[in-house]
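>>> generate a structure from the sequence data that follows.
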Amino acid sequence: MEKKRYKKVVFHVCVAVGVLFTYAANLHGQPTQQEAMTIPISGNTWQRPSETHMLDRTMGILGGEPGVSFDTYVRFKEKGAIGVALQLGAVQEESMLCLSVNGDERRFIVTPARANQLVSAGTFQVADTGYVRMTLTSLQQGKLPAVRSYQIEGEQSVLGGLQFVRDNQDNYYYWGRRGHLCIFPIRFLLRRMLNIITMS
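Residues are numbered from 1 along each chain as shown. Modelled structure (predicted):
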């Protein structure tokens, strides 16, 4: 009797282990969850060699001549692969663009037919945590088109902790360009002032 009970227990244990292995294999084979984040140009970008009216406080990059560069900064908490695309505005003429992510360059062509569309710049590897610089430049002939924002795609684990100025609430685009450390104290002070005004 004890021998039969022992065999029955062993059988159920084997079945349970088999179910667990099957579940783990299926889970491992599932594609990782992807996300997409929109990074506004305004509030996160600086122009080189000097800033002009072509970098608008709310509308992003309005255009630019060859040789002008626009640096956009985003802080990553996790490493991994990302895809980067540009949300274009007006495109006056065909232009060869270069997007560099921490020194890793991708070159691509935009034409007037791609105006107001999302254009892929390529895939990049975020090799370390911290601030990542994305530099956009127009090469050779042609002017830089209007660029409203970047769209970054990647695994949820990589994009979940992104830090950047997300919107212009309470004029955050202005303060974001004064450095990321300004955002949090200014936000706190504005809320405290609003509470004081409401209570008075």
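>>> which stretches in the chain count as helices?
2-29, 156-159, 172-176, 180-199 (DSSP state H).
>>> buried residues, the second one. List them.
The reference is to helix 156-159. Neighbour counts over helix 156-159 (16 or more other CB atoms under 10 Å) mark 158-159 as buried. C-beta coordinates here come from the backbone N, C-alpha and C atoms, glycine included.
>>> which parts of this protein belong to which domain?
1-30, 34-164, 166-200 (automatic domain parsing).
>>> now do the strands in the protein.
For the chain, applying DSSP state E gives strands covering 34-40, 45-48, 55-56, 60-61, 69-76, 80-88, 95-101, 104-110, 118-126, 130-139, 147-155.
>>> and the third one, which strands flank it?
Partner strands for strand 55-56, per DSSP bridges, with pairing direction: strand 60-61 (antiparallel).
>>> give me the contacts around stretch 49-63.
With CB atoms under 8 Å, 6 or more residues apart in numbering as the test, stretch 49-63 has contacts from 40-42, 45-47, 64, 68-70, 89-90, 92, 136, 143-149, 168, 173-174.
>>> repeat that for 6 Å
If you take CB atoms under 6 Å, 6 or more residues apart in numbering as the criterion, stretch 49-63 is touched by 41-42, 47, 64, 70, 143-144, 146-148, 168, 173.
>>> what do you get for stretch 120-137?
By CB under 6 Å, 6+ apart, the surrounding residues in contact with stretch 120-137 are 69-77, 79-85, 98-102, 104, 106, 108.
>>> now do stretch 80-98
Contacts of stretch 80-98 (CB under 6 Å, 6+ apart): 105, 107-112, 115, 117-121, 123-126, 137-140, 142, 145-155, 158.
>>> and the gap between the nearest residue to Asp104 once chain neighbours are set aside and Arg114?
Spatial nearest neighbour of Asp104, excluding adjacent residues (CB to CB, 6 or more residues apart in numbering): Phe124 at 5.5 Å. Shown here: Phe124 relative to Arg114, a distance of 20 Å by CB to CB, to the nearest Å.
>>> same deal with Gly89?
Gly89 is 11 Å from Arg114, where distance means CB to CB.
>>> before we move on, what about Gln33?
To Arg114, Gln33 is 29 Å away according to CB to CB.
>>> who has more neighbours out of the two?
More crowded of Gln33 and Arg114, by other CB atoms under 10 Å: Arg114, with 15 against 8.
>>> pLDDT score assigned to the closest residue to Lys77 other than its chain neighbours?
Computed as CB to CB, 6+ apart, the closest residue to Lys77 that is not its neighbour in sequence is Gly161, at 3.1 Å. Note on Gly161: pLDDT of 89.
>>> before we move on, what about the one 4 residues further on?
According to the model's per-residue confidence, Val165 sits at a pLDDT of 89.
>>> right, and it touches Gly43 too?
Yes - using CB atoms under 6 Å, Val165 is in contact with Gly43, at 3.7 Å.
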